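**Student:** Quick check, what structure comes out for this input:
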Amino acid sequence: MKERPKAMVLASLAADSLALGVHWIYNTHVIDKKFGRVKHFLKPERPTYHPTKDRGEFTHYGDQTLILLESVAEYEGFNLSDFAERWQKLFNNYDGYVDGATKGTLENLASGKSSSESGSGSDDLAGASRIASLVYVYRNDLQELIAGATAQTAFTHNNSDVIKSAVFFSTLAYQILAGASPVKAIEQAKKDEFNSDPFKEWIQMGLESAERDSRQAILDFGQMCETGAAFPGVVHLIAKYENDLRAALVENIMAGGDSAGRGLLVGLVLGAHLGMEAIPPEWLNDMKAYPQIVDMLARIDKSRGF
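**Tutor:** Next comes the predicted model:
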């Protein structure tokens with residue numbers, strides 16, 4: 001039983017690392033010509049957004065996901081003050097890309113706002129994508145999971161669509177760990193708590209596109225970071241590749257744009273569904289933080305009695 005929760009965290013972070021070398025390249029012809037089919041981790045090259053990073057490291061999204069995992073492992077659950085302190089320390093001298101949501105949050109904190117008031121107004125879905133460790137630690141407590149997912153997202157992205165997206169995907173992963181299939185759980189959510197627009201529309205768009213080519217579907221939704229574009233793209237990838245995590249994450253990369261933000265959530269859901277066997281071993285071997293991640297998950301297991 002422990003393997004699928006572990007796979008959920010590792011697949012989420014592997015998706016970010018896979019995206020690192022081509023993240024935010026929107027022209028898919030450039031990806032094809034320069035990189036070919038991206039099936040392995042790449043070292044970013046200029047003029048990409050992460051030239052200071054090495055092969056097997058994470059984007060700034062993945063780095064924040066790892067920081068949240070560190071905090072959860074230390075506190076045996078979610079502690080906003082500790083996460084906020086670690087997050088600020090990460091970005092004090094960060095040798096990597098700093099996005100608008102991060103800059104806005106740092107400015108708010110510097111002006112004296114508390115960690116519960118500091119979130120930028122960014123509508124980037126990536127604010128909801130860091131949640132793997134929360135699902136891991138609260139996989140038997142949906143109420144605590146939703147509270148943690150809401151608070152961690154609002155800390156940097158105080159936007160109702162992003163916050164509600166965090167609730168959607170954390171609840172989805174929770175249900176999958178309990179035995180639900182991804183598509184059926186998504187369909188049920190559309191009938192229940194997510195039965196109003198824009199979420200009902202985004203879910204429907206993603207599900208209806210499952211028979212379409214992924215690159216074209218994501219291009220039509222929008223390759224960018226905004227929730228209205230990225231959310232249906234994530235649902236598309238989950239629905240189309242429900243039983244093939246590797247294909248889902250590779251096709252996510254090949255579709256271009258904010259592949260890291262989408263990938264963290266696709267990896268979360270399909271890792272929870274398919275388990276460790278679905279993750280290519282070379283991705284785990286090449287992930288620089290792999291030993292650290294496994295150690296922190298073991299600490300959580302011990303402290304929570306999993």
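
**Student:** can you give me the end-to-end distance of stretch 278-297?
**Tutor:** Stretch 278-297 has an end-to-end distance of 19 Å (criterion: C-alpha to C-alpha, to the nearest Å).

**Student:** Report the buried residues of it.
**Tutor:** Ala278, Ile279, Pro280, Trp283, Leu284, Asp286, Met287, Ala289, Tyr290, Ile293, Met296, Leu297 (16 or more other C-beta atoms under 10 Å). (Glycine included, C-beta is placed from N, CA and C.)

**Student:** Give me the distance between it and the centre of its chain.
**Tutor:** 16 Å (C-alpha atoms, centre = their mean, to the nearest Å).

**Student:** what sits against the closest residue to Ala151 other than its chain neighbours?
**Tutor:** Closest residue in space to Ala151, ignoring its immediate chain neighbours: Leu80 at 5.2 Å, by C-beta to C-beta, 6 or more residues apart in numbering. Counting by C-beta atoms under 8 Å, 6 or more residues apart in numbering, Leu80 touches Ser115, Ser116, Ala151, Gln152, Phe155.

**Student:** so can I have a markdown table of those residues showing neighbour count and pLDDT?
**Tutor:** Compiled in a markdown table, the contacts of Leu80 are given as follows (neighbours: other C-beta atoms under 10 Å; pLDDT from 0 to 100):
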| residue | neighbour count | pLDDT |
| --- | --- | --- |
| Ser115 | 21 | 97 |
| Ser116 | 13 | 97 |
| Ala151 | 20 | 98 |
| Gln152 | 28 | 98 |
| Phe155 | 25 | 98 |
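
**Student:** Would you mind measuring from the residue nearest to Ala151 to Phe91?
**Tutor:** 16 Å (C-beta to C-beta, to the nearest Å).

**Student:** With Ala151 instead?
**Tutor:** Per C-beta to C-beta, Ala151 is found 19 Å from Phe91.

**Student:** ditto for Ala149
**Tutor:** 21 Å.

**Student:** These two: who's more crowded?
**Tutor:** A direct count of neighbours by other C-beta atoms under 10 Å for Ala149 and Phe91 places Ala149 higher, at 27 against 18.

**Student:** And the next helix or strand past the helix or strand hosting Glu74?
**Tutor:** Under the criterion of DSSP states H and E, Glu74 resides in helix 60-75. Using DSSP H and E, the helix or strand that follows helix 60-75 in sequence is helix 80-92.

**Student:** That next one: which residues count as buried?
**Tutor:** Using 16+ other C-beta under 10 Å as the test for burial, helix 80-92 gives Leu80, Asp82, Phe83, Ala84, Arg86, Trp87, Gln88, Leu90, Phe91.

**Student:** could you give the angle of that helix to helix 60-75?
**Tutor:** Inter-element angle recorded for helix 80-92 and helix 60-75: 140 degrees (by axes from the mean of the first three to the mean of the last three C-alpha atoms, to 10 degrees).

**Student:** quick one on the thing from earlier: of the contacts of Leu80, which pair is most distant in space?
**Tutor:** The largest distance within these, taken as C-beta to C-beta, falls between Ser116 and Gln152 and amounts to 11.1 Å.
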